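# sequence-free structure coming up:
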């Protein structure tokens, strides 16, 4: 999956290390909005750190592991989605996503994650796709609901982002799961 349309003027593409400056500019624009939910939003404070973060995903993808994609709207990087984990051997993966405030309300994350979920199940033969969200992240939880995921439970005090958060776990599984 190199590039795929997600809506009028929007596409999902690989977010590769050579796009580090563009990704860093996105973090600068949207970091304060993302920081409550995404630890990397404050960790990436220069282009070199953006490149290292993206290279980690590229290296893992080369080993058939986790991978990351950007969401572009009218040519501007406005968000992303990634397989935070991807284990083809066990058939399990987990997804996460983020979006700039100005791009909200267009269904971009839901469409992008739906494409990635379909790819994971249909092309890669995954059995389980998981979504985790801090209980206070109502937008992220709404994506899981729109995708038809089932809420499996809450991991108490499982995420630290300045303060500790409970985390809701949602999933889709194949008929055999």
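Yep, it's here. Note that this is a predicted model, so its numbers are computed, not measured.

# which stretches of the protein form helices?
Taking DSSP state H as the criterion, the chain carries its helices at 20-34, 40-43, 47-62, 108-118, 138-146.

# same list, the ones you listed, but as TSV with distance to residue 128, mean pLDDT and mean neighbour count please.
Every C-beta, even on glycine, is put in place using the N, C-alpha and C of the backbone. TSV is the format used below for the helices of the chain (distance: least, CB to CB, whole Å; pLDDT from 0 to 100; neighbours: other CB atoms under 10 Å):
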stretch	distance to residue 128	mean pLDDT	mean neighbour count
helix 20-34	26	94	18
helix 40-43	24	90	15
helix 47-62	19	97	16
helix 108-118	11	97	20
helix 138-146	14	95	16
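
# relative to residue 86, which of those is closest?
Smallest distance to residue 86 across the helices of the chain (CB to CB): 7.7 Å, for helix 47-62.

# ok, and the closest non-adjacent residue to residue 158?
residue 167 (4.4 Å; CB to CB, 6 or more residues apart in numbering).

# contact partners for that neighbour?
Residue 167 makes contact with 132, 133, 134, 135, 154, 155, 158, 159, according to CB atoms under 8 Å, 6 or more residues apart in numbering.

# what's the closest non-adjacent residue to the fourth one?
Distance criterion CB to CB, 6+ apart; nearest residue to residue 135, sequence neighbours excluded, is residue 166 at 4.5 Å.

# can you get me a residue count around the one you found?
By other CB atoms under 10 Å, the residues close to residue 166 number 14.

# mind listing what it touches?
Residues counted as contacts of residue 166 (CB under 8 Å, 6+ apart) are 134, 135, 154, 155, 156, 157, 158, 159.
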